[in-house]
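1. Any chance you could fold what I've pasted below:
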Amino acid sequence: MKVLLISVICLASMVSPAQVIPDTLIENQQITVFTKYLEASKDEQFTLQERKVFSLKALKIAQQLNQPQATMEALSSHGYIVGQEGHYARAYEIFNRFAELSDSVGYHSLTDFRRKAYLANVFGLLHKELGEYDKALDQYYTSLSICDSVGWTEGTTAALNNISLLYYLHGNTAQAISILDESRQIAETNDNKSLLFDIYINLMDMYLEMKSFDSARFSGNKALELSINLNTPYNQSFVEIGFGKLFLKEDSLKRAEKSLVSAENLAFENTFSELQLEALLHLATTYRRMKQLQKTDSVLYKADTIDHAIGIPRLHIQLLTEKAALHEQLGDYQSAYNFQTKAAFLKDSLNSSWEKVKYAEISTLYQMKLQEQRNVVLEKSLSINELQIRQQRFVIMISIGFLLVLTILAVLFYRKRQFELKTNQMLRIQNEKINQQEKIIRVKNEENFEQELNYKNRQLTSFSLSALKQSKSLEVVSQQINELLHQHNIKPTTRKKLEQVMHHLRPLSSSKEWDEFRSYFEAVHPSFYTSLKQVAPDLTLHEQKICAYLRLGMNTKEIASITFRQVRTVESTRFRIRKKVGLTATANLFEFLEKL
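-> Coordinates of the predicted model:
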């Protein structure tokens, strides 16, 4: 599925071309060099690394000129290139600099609001690739609202296209195709080839998901025609991946291999890391289905290296799933289960983000409808005012003939001034509303982030406890085997097998496991041990461990189970702890520890 769309750079070119006014001959020369570097950074006939160098040089010159428009243009080009490399976190930082500079310039004209809509669309794309679907949909609807308000059809088309991708990623393919059809009609009316390419390549993926292969092939051929006209390696690589997936669905494995190898080579030559990773993952599926497991393993090793470099959640899940399938086919069911479990956990995390999207969508749609109603009222008010002005002008022209010329000039000046005041007022009100919405969204996102962090820390603590219990179980098994080895009546073959088992067990140090658990525990409860030592400085290490388990809500039997002690022993330890912290007979130890 197409991610950092080529339409991003297309939208950027429609927003605000850099306008730099030279003051001296030297500045005039710098502007000429800046323009050349900027155009070269957008020319996809150069390699991605070459374009990256051009964009950095353009950015350096723009900063020397101290021209905000030129700097924003250079940042946009550089951020797009970094996104094509698959480094979305770094691209987010670059576009964040762009947004800060844009906010400092302000939003006073239609061009300024187009720039704001473009940035919201870009941030939506970056949040989607980072797995933050609720934030992505907020940004898309913000972009869509602004584009509708200022009548920017290209921006509306791009926003609708990206919204449809979110629905597709979460199984609502029919609604996604419906939104794409609306977007396609707008793009065809405006003859926007870049946006049409995005739409057809996405439709191809959606029809493949629905197993409508004829429709997928039709959309793929349309995308192929547009890629030939656009003549960019990025587009060509996407088309090759699309047909590779189509052939894979049709079980034409040789044709799928040919298309995917071609896509991978093209992406590698132009350092399109994300496209290269996607091509490799589908190529691994192809080789696995061809029973060429050695090639599959080699391709997945290469894909793993790229995945570590760019870290895109949806592709990481696909990589884990493909590794699980390979190990299952090799008969290594334990490894297959581990990879599948990791993939399921990550997928559940992304799905929880999508649940937040549903609530955000309802709120956003309400705001959009409300804004549309207000726009209608404003338009009617403007029409009434214009009619009144015409009537006044007509009466004045009839009544005062000898002042005709002066009256016309006065009325024209008056109309112009009124229109400017009303337009500025409308833009100011709209800007305030957008800022208020962004503030609400930002507060909501911070709360969601804190909840997610607490959830993940609890999961890590639970995992650490499980690992500690398993390690201790292995240690007990190891000790029992060691006792068997010291018996003299064991056969040599049996002794050898027991020694091999001992070698493979190699239990980890309990102290090391405890240290790892304590580090996770302190990440969730950072002040617990400090407060505990202030209340009872003479607690032993074992008593501190029992306090930690009690703070996690464990009962006496559970603590006895993971520490391999008798229930009475744990109860005695709890009694000593109560005595050292100075609790009365009626006081609750868990409530006391919970307050630390």
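2. Return the set of buried residues in the host helix or strand of residue 185.
-> Remark: residue 185 resides in helix 173-189, with elements defined by DSSP states H and E. By 16 or more other Cβ atoms under 10 Å, the buried positions in helix 173-189 come out as 173, 176, 177, 179, 180, 183, 184, 186, 187. Quick note: C-beta positions are derived from backbone N, CA and C, even for glycine.
3. wait, which of those is closest to residue 56?
-> Looking at the buried residues of helix 173-189 and their distance to residue 56, the nearest is residue 187, at 32.2 Å (Cβ to Cβ).
4. and residue 413, how many neighbours does it have?
-> Applying the criterion other Cβ atoms under 10 Å, we find 10 residues in the vicinity of residue 413.
5. Give me the residues contacting the next helix or strand after the helix holding residue 185.
-> As assigned by DSSP H and E, the chain's next helix or strand after helix 173-189 is helix 193-209. Contacts of helix 193-209 with the rest of the structure, by Cβ atoms under 8 Å, 6 or more residues apart in numbering, involve 1-2, 5-7, 10, 154, 157-158, 161, 164-165, 168, 173, 176-177, 180, 183-184, 187-188, 213, 215-216, 219-220, 222-223, 226-227, 229-230, 235, 238-239, 242, 245-246, 249.
6. Which among these count as buried?
-> The neighbour-count test (16+ other Cβ under 10 Å) applied to the contacts of helix 193-209 identifies 1-2, 5-7, 10, 154, 157-158, 161, 164-165, 168, 173, 176-177, 180, 183-184, 187, 215-216, 219-220, 222-223, 226-227, 230, 235, 238-239, 242, 245-246 as buried.
7. Pop out the phi and psi values for the residue of the chain most remote from its centre.
-> Among the C-alpha atoms of the chain, the one farthest from their average position, using Cα atoms, centre = their mean, is that of residue 402, at 68.9 Å. Listed backbone geometry of residue 402 is phi -70, psi -10, with angles given as degrees, to the nearest 10.
8. Helices of the stretch 401-550 of the chain, start to end?
-> Secondary structure of the stretch 401-550 of the chain by DSSP state H, counting those that start in this stretch: the helices cover 404-485, 492-505, 510-524, 528-535, 541-551.
9. which stretches of the stretch 201-350 of the chain have low pLDDT?
-> 349-350 (pLDDT under 70).
10. picking up where we left off before, looking at the helices of the stretch 401-550 of the chain, which is buried most?
-> Ranked by mean neighbour count, the helices of the stretch 401-550 of the chain are led by helix 541-551 with a mean of 18 (mean count of other Cβ atoms under 10 Å).
11. Find the residue ranges of the stretch 401-550 of the chain scoring beneath the pLDDT cut-off.
-> Counting by pLDDT under 70, the stretch 401-550 of the chain contains low-confidence ranges at 449-450, 452-465, 467-469, 471-472, 488, 504-513.
12. 90 - rerun?
-> Counting by pLDDT under 90, the low-confidence segments of the stretch 401-550 of the chain come to 401-530, 541-542, 545, 548-550.
13. How many residues are close by the closest residue in space to residue 216 that isn't next to it in sequence?
-> On the basis of Cβ to Cβ, 6 or more residues apart in numbering, the spatially nearest residue to residue 216 that is not a chain neighbour turns out to be residue 207, at 3.8 Å. Number of residues near residue 207 (other Cβ under 10 Å) recorded here: 21.
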